[in-house]
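Asker: Make a model of this:
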Amino acid sequence: MTTIEFVTVEAADPSAAEAFYAAAFEGLGRVRVRASQEPTSGFRGLTLSLVVSQPGTVDALVGSAVDGGATVVKPAAKSLWGYGGVVQAPDGTIWTLASSSKKDTGPATRQVDDFVLQLGVTDVAATRQFCADRGLVVAKSYGRTYVQFDTGPVRLALIKRAALAKNAGVAPDGTGSHRLVIGGDAGSFTDPDGFVWEAASA
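Answerer: Just a heads-up that it's a prediction; the model follows:
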C-alpha cells in the first residue's frame, strides 16, 4: 500500500509556523514546515482536516488554534453530518476540525483520530486514476465528486475545487503556489493539479 507519511507546509516565516503547529495541534507529528517565498493568493486548493471523537475536542482544538493566531473561517457548529468548524493558520493553510458525533460522551481531549488531506482538483476521475497508477488504493469513491484513498498516517481525499472551497467557507479563486508538499512513498512528481509530491526520505 502506498502511504502518505507527512505534509510539509511552506511558510514565509517557518519559525512562526512551527511554533503555531506545536501549540495548536501538539503531538500531531505529521506536519513539517519549511521556508518558501513563492507567491500565492486566495484559496490554495486544499484543506487539512483533523477528525476527532466529539464536539468538545473540536472546540478545544479550535480554541488552541485561535490562541496561537489562527482566524476562524467558519465557527464550530452542528450540521447534518456532525459537528465542526474551519480555521486558517497564520501561514494561510486552511484547517477543518470535525467530529461525526453531535454530543460529547466524556471530557474533551486533544486526541486526533484521523488526519485527512483534501485536495481540490479539476477532474476527480482523472486525478483518481493518476493516483491509482502510482499505487494509491481507493477506500471510498462517489463517482466524479469524491474519492478517498487508504494512504495510512495521512489520508488523501479528492473533491472538486469549487466544492472544497464551499465546504471550507472561502471563495474558490486563487493563484500561485499551493504552499504544501506531500511526503510519502509514491515517489517525486507533480500531479495534474500542480500539487508537489516528494519521496518521504527526501
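Asker: hey, let's count contacts and neighbours off CA atoms from now on
Answerer: Noted.
Asker: Next, residue 16: secondary structure please.
Answerer: Per DSSP: H, G, I helix; E, B strand; the rest coil, the local secondary structure of residue 16 is helix.
Asker: mind checking pLDDT for it?
Answerer: Residue 16 carries a pLDDT score of 96 in this model.
Asker: swap in residue 185?
Answerer: 94.
Asker: before we move on, what about residue 78?
Answerer: 95.
Asker: Give me the distance between it and residue 48.
Answerer: The gap separating residue 78 from residue 48 is 20 Å, by Cα to Cα, to the nearest Å.
Asker: my guess is residue 3 meets residue 197, correct?
Answerer: No. Between residue 3 and residue 197 there is no contact under Cα atoms under 8 Å: 11.7 Å.
Asker: what sits in contact with each of these two?
Answerer: 184, 186 (Cα atoms under 8 Å, 6 or more residues apart in numbering).
Asker: who's in contact with residue 194?
Answerer: Applying Cα under 8 Å, 6+ apart, the residues near residue 194 are residue 178.
Asker: Quick check: pLDDT value at it.
Answerer: The model's pLDDT for residue 194 equals 97.
Asker: Provide the secondary structure category for it.
Answerer: coil.
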